[in-house]
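Novice: got a structure for you, letters missing:
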């Protein structure tokens with residue numbers, strides 16, 4: 001079964017950049033199939049749901065409506081894209097920008113009670129194999145948000161937070177991920193995208209190698225890990 005990775009973190013932590021960079025780096029590896037998805041989105045219906053959740057009427061949605069929409073989009077993606085890929089690509093990797101941890105954080109901040117969120121998400125909570133949590137402090141998140149707005153980039157209601165609200169969000173993430181630390185890697189998101197990619201790539205490869213039961217597959221991933229470690233020691237972020 002394909003190895004699944006989800007990139008999580010606050011707004012402006014660099015999730016999409018990391019997901020894009022990870023996918024590009026793994027696509028360079030011979031014989032490795034890579035699937036990239038985002039949430040909400042990833043299917044025809046999911047993209048329509050995304051437009052609703054990111055659109056001008058989104059701030060007026062009832063919190064439970066928000067929860068149901070996110071869950072519906074996730075179920076479409078899970079059943080029609082992620083599960084079939086994982087079952088048919090044993091040497092594959094799936095990389096997702098967000099998943100159920102974001103729902104726990106954001107919908108609870110919207111006022112939805114924990115039981116309602118849990119009941120809607122428990123189907124998905126055995127997924128993924130690895131959660132990469134990009135961690136930045138609330139001040140940096142706020143500064144990046146201001147910069148993004150000043151540069152005229154896409155901006156929705158969830159991006160308009162104060163420093164205090166960003167800190168609440170960060171604490172919620174830590175609380176949500178705490179029971180799942182065995183499959184969570186916390187990564188410093190304040191450094192350059194190149195440094196984030198180098199660090200997370202090695203962690204992903206190490207996790208895959210540890211999981212593999214097939215000797216040839218395990219040797220393949222150990223070899224890739226040694227290449228990355230060698231590049232790191234030589235001060236070369238690029239792969240040979």
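Specialist: Nice, thanks for sending it over. Keep in mind it's a predicted model, so treat the numbers as computed, not measured.
Novice: my guess is residue 34 meets residue 96, correct?
Specialist: No. Contact criterion CB atoms under 8 Å: residue 34 and residue 96 do not qualify, at 11.7 Å. For every residue, glycine as well, the C-beta is placed using N, CA and C.
Novice: quick one, helices of the protein?
Specialist: Secondary structure of the chain (DSSP state H): helices at 15-27, 44-54, 63-77, 83-88, 100-109, 114-121, 138-150, 163-177, 193-211, 215-233.
Novice: highest mean neighbour count out of the ones you listed?
Specialist: helix 100-109 (a mean of 21; mean count of other CB atoms under 10 Å).
Novice: contacts for that helix?
Specialist: By CB atoms under 8 Å, 6 or more residues apart in numbering, the surrounding residues in contact with helix 100-109 are 6, 8, 39, 63, 66-67, 70-71, 74, 114, 117-118, 120-121, 124-125, 127, 131, 158, 168-169, 172-173, 176-177.
Novice: flag the shaky bits of the protein, pLDDT-wise.
Specialist: For the chain, the stretches flagged by pLDDT under 70 are 154-155, 157, 232-240.
Novice: let's go with 90 and repeat that
Specialist: 1, 54-56, 59, 91, 148-160, 212-218, 220, 225, 227-240 (pLDDT under 90).
Novice: if you count surrounding residues, which of residue 34 and residue 96 has more?
Specialist: Shown here are residue 34 and residue 96; by other CB atoms under 10 Å, residue 96 has more neighbours (26 against 19).
Novice: please name the bridge partners of the more buried one.
Specialist: For residue 96, the beta-bridge partners are residue 6, residue 37 (DSSP bridges).
Novice: thought it was touching residue 5?
Specialist: Yes. Using CB under 8 Å, residue 96 is in contact with residue 5, at 7.1 Å.
Novice: list residues touching both of these two?
Specialist: In contact with both residue 96 and residue 5: residue 128, using CB under 8 Å, 6+ apart.
Novice: and the spatially most central residue of the chain, what does it touch?
Specialist: Geometric centre of the chain, nearest residue: residue 7, 1.8 Å, by CA atoms, centre = their mean. Neighbour list for residue 7: 15, 18-19, 22, 95-98, 132, 134 [criterion: CB under 8 Å, 6+ apart].
Novice: rerun at 7 Å
Specialist: Counting by CB atoms under 7 Å, 6 or more residues apart in numbering, residue 7 touches 15, 18-19, 95-97, 132, 134.
Novice: ok, now residue 180?
Specialist: Applying CB under 7 Å, 6+ apart to residue 180 gives the contacts residue 131.
Novice: rewinding a little: report the separation between the residue nearest to the centre of the chain and residue 221.
Specialist: According to CB to CB, to the nearest Å, residue 7 stands 20 Å off from residue 221.
Novice: what's in contact with stretch 125-137?
Specialist: For stretch 125-137, contacts defined as CB under 7 Å, 6+ apart pick out 3-10, 13-15, 18, 99-101, 173, 177, 180, 183-190, 200, 204, 207, 211.
Novice: for stretch 20-40, same thing?
Specialist: With CB under 7 Å, 6+ apart as the test, stretch 20-40 has contacts from 19, 46, 49-50, 53, 70, 73-74, 77, 81-82, 85, 89, 91-99, 193, 197, 200-201, 224.
Novice: can you give me the neighbour number for residue 62?
Specialist: Counted by other CB under 10 Å, the residues lying close to residue 62 total 11.
Novice: phi and psi next, for it.
Specialist: Per-residue torsions, residue 62: phi -60, psi 140 (degrees, to the nearest 10).
Novice: perfect, I'm done here.
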